[in-house]
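A.B. asks: sequence isn't available, so here's the structure alone:
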């Protein structure tokens with residue numbers, strides 16, 4: 001087996017363990033609070049506490065992923081997740097079940113995701129040949145979707161029969177298993193160059209890194225459009241992603257099996273998209289066209305989801321929306337990994353993490369409280385219609401139409417807008433233990 005296949009297999013095994021554990025906790029907490037309160041405001045609070053800390057910590061996480069040992073960052077984030085979940089389990093076992101306990105735990109776990117996600121996305125291009133990125137991202141999405149398909153079954157069975165605490169203990173074990181897998185992953189070192197010594201320390205350095213990352217995105221047209229389109233997708237997808245359990249409970253019945261079915265159909269749709277990309281993704285070249293087309297389709301299907309009056313039709317549309325939505329994220333991440341300079345990868349994916357958290361949190365900050373006064377169905381219709389209208393408006397920009405019409409080879413990494421100041425090129429990637437091609441590519445673009 002080639003070394004890169006072994007390395008990415010180890011990485012994906014670790015990610016699978018932590019993804020499964022995290023989904024068990026997410027489903028259990030969401031269902032518990034949904035059934036306990038049936039409140040849109042509580043759902044909004046869960047989403048905000050579960051995402052905003054990630055946005056704030058990603059300011060640091062993206063910078064750290066470009067400066068420090070990415071493997072160590074991944075291991076540290078998983079250990080922290082295990083500790084936070086174990087603390088929640090002990091508090092619930094002691095009878096402390098106030099809402100603030102759940103909010104605090106979600107906030108801590110979210111903050112750790114702000115470290116984990118930029119490091120995970122930044123490490124993949126150093127482990128995988130460029131031509132295999134779409135396939136690997138498709139496999140990664142498939143693994144996550146398979147975990148999402150399995151997790152509701154276990155979460156529902158555990159929740160109904162033995163309660164919340166055992167679910168949290170399973171997550172602790174999954175996080176520690178991820179640490180064990182990652183321990184066998186080759187170290188990907190990131191070392192600062194001489195210019196880095198002139199940079200300010202501590203928080204000022206993070207702000208400087210954020211400025212450099214924003215400047216980098218602003219100067220590169222392809223990356224700039226990818227980030228903008230992704231922000232639109234995350235904001236408009238908040239309704240089908242987070243309000244559908246509430247719609248299921250209110251419209252079709254507050255039963256755990258119905259909530260389980262809702263999540264499983266979403267997971268099955270994501271799994272289909274992931275397997276498709278894994279099978280034929282390396283043949284697909286016009287990734288931006290796929291992203292824009294999938295966005296429009298997601299909007300149309302979300303409108304239909306809000307109009308569905310039959311539960312089985314509703315579930316079929318949940319499946320379709322999830323498939324279309326995953327067809328946005330896989331090409332999006334692949335294009336960024338193929339396009340962004342390796343020395344900027346952590347900062348760019350830190351910004352991606354910020355966009356995800358802020359966009360969805362702001363959207364839920366509006367729609368969550370509204371869901372206590374209007375139907376979820378109407379919010380889905382409005383969200384879907386807005387998505388279609390916004391994408392139509394963006395297509396009015398000539399620069400986006402030019403990118404959609406361009407040949408795939410017209411935006412190679414070598415054509416990136418280079419930093420104009422030597423301090424902007426702050427890191428050099430030295431991957432002594434990964435494929436030589438990655439080291440050569442990093443040296444070429446640095």
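C.D. replies: Here it is on my side, so go on. Remember, it's a predicted structure, so these values are computed and weren't measured experimentally.

A.B. asks: list the residues that contact residue 80.
C.D. replies: Counting by Cβ atoms under 8 Å, 6 or more residues apart in numbering, residue 80 touches 108, 112. To be clear about C-beta, it is placed using only N, CA and C from the backbone, and glycine gets the same treatment.

A.B. asks: buried ones in the host helix or strand of it, by neighbour count?
C.D. replies: Using DSSP states H and E, residue 80 sits in helix 70-93. Judged by neighbour count using 16 or more other Cβ atoms under 10 Å, the buried positions of helix 70-93 are 70-71, 73-78, 80-82, 84-85, 87-89, 91-92.

A.B. asks: ok, now stretch 152-169?
C.D. replies: The neighbour-count check on stretch 152-169 (16+ other Cβ under 10 Å) flags 152, 154-156, 158-159, 164, 166-169 as buried.

A.B. asks: distance between the ends of it?
C.D. replies: Criterion Cα to Cα, to the nearest Å; first-to-last residue distance in stretch 152-169 is 16 Å.

A.B. asks: which residue packs closest to residue 146, ignoring adjacent ones?
C.D. replies: Using Cβ to Cβ, 6 or more residues apart in numbering and skipping residues adjacent in sequence, the residue nearest residue 146 is residue 271, 5.8 Å away.

A.B. asks: count the neighbours of the one you found for me.
C.D. replies: 24 (other Cβ atoms under 10 Å).

A.B. asks: give the rounded mean pLDDT of the helix or strand hosting it.
C.D. replies: Residue 271 is part of helix 256-280, with elements assigned from DSSP H and E. Averaged across helix 256-280, pLDDT comes to 83.

A.B. asks: same question for stretch 357-373.
C.D. replies: On average, stretch 357-373 scores 78.

A.B. asks: so what's the nearest residue to residue 63 once chain neighbours are set aside scoring on pLDDT?
C.D. replies: Distances taken as Cβ to Cβ, 6+ apart place residue 209 nearest to residue 63, at 3.9 Å, with adjacent residues excluded. Among the per-residue scores, residue 209 shows a pLDDT of 72.

A.B. asks: does residue 209 touch residue 66 like I think?
C.D. replies: Yes: at 7.3 Å, residue 209 counts as touching residue 66 under the criterion of Cβ atoms under 8 Å.

A.B. asks: ok, these two, which is more surrounded?
C.D. replies: Taking other Cβ under 10 Å, residue 209 and residue 66 do not tie; residue 66 has more neighbours (27 against 24).

A.B. asks: ok, how many other residues are close to the residue nearest to the more buried one when sequence neighbours are not counted?
C.D. replies: Closest residue in space to residue 66, ignoring its immediate chain neighbours: residue 346 at 3.7 Å, by Cβ to Cβ, 6+ apart. Residues lying near residue 346 (other Cβ under 10 Å) number 31.

A.B. asks: what's near enough to touch residue 346?
C.D. replies: By Cβ under 8 Å, 6+ apart, the contact set of residue 346 is 61-67, 70, 118-119, 122, 190.

A.B. asks: please identify the buried residues of the helix or strand containing residue 316?
C.D. replies: Element membership for residue 316 (DSSP H and E) is helix 311-339. Residues of helix 311-339 classed as buried: 314-339 (neighbour count, 16+ other Cβ under 10 Å).

A.B. asks: that older thread, next secondary structure after the helix holding residue 80?
C.D. replies: Downstream of helix 70-93, the first helix or strand assigned by DSSP H and E is helix 99-127.

A.B. asks: pLDDT on the helix or strand following that next one, on average?
C.D. replies: Once helix 99-127 ends, the next helix or strand along the chain (criterion: DSSP H and E) is helix 133-161. Averaged over helix 133-161, pLDDT sits at 80.

A.B. asks: which neighbouring elements make contact with helix 133-161?
C.D. replies: Other elements packing on helix 133-161 under the criterion 3 or more Cβ pairs under 8 Å, 6 or more residues apart in numbering; DSSP states H and E are helix 3-37, helix 99-127, helix 164-182, helix 256-280, helix 311-339.

A.B. asks: contacts only, for residue 283.
C.D. replies: So residue 283 contacts nothing (Cβ under 8 Å, 6+ apart).

A.B. asks: now, the most widely separated pair of the contacts of residue 346?
C.D. replies: Farthest pair in the contacts of residue 346 (Cβ to Cβ) is 61 and 190. Separation: 13.2 Å.

A.B. asks: comparing those two, which residue is more hemmed in?
C.D. replies: residue 61 (29 against 26).

A.B. asks: list the contacts for the more buried one?
C.D. replies: Contacts of residue 61 (Cβ under 8 Å, 6+ apart): 73, 114-119, 346, 350, 353.
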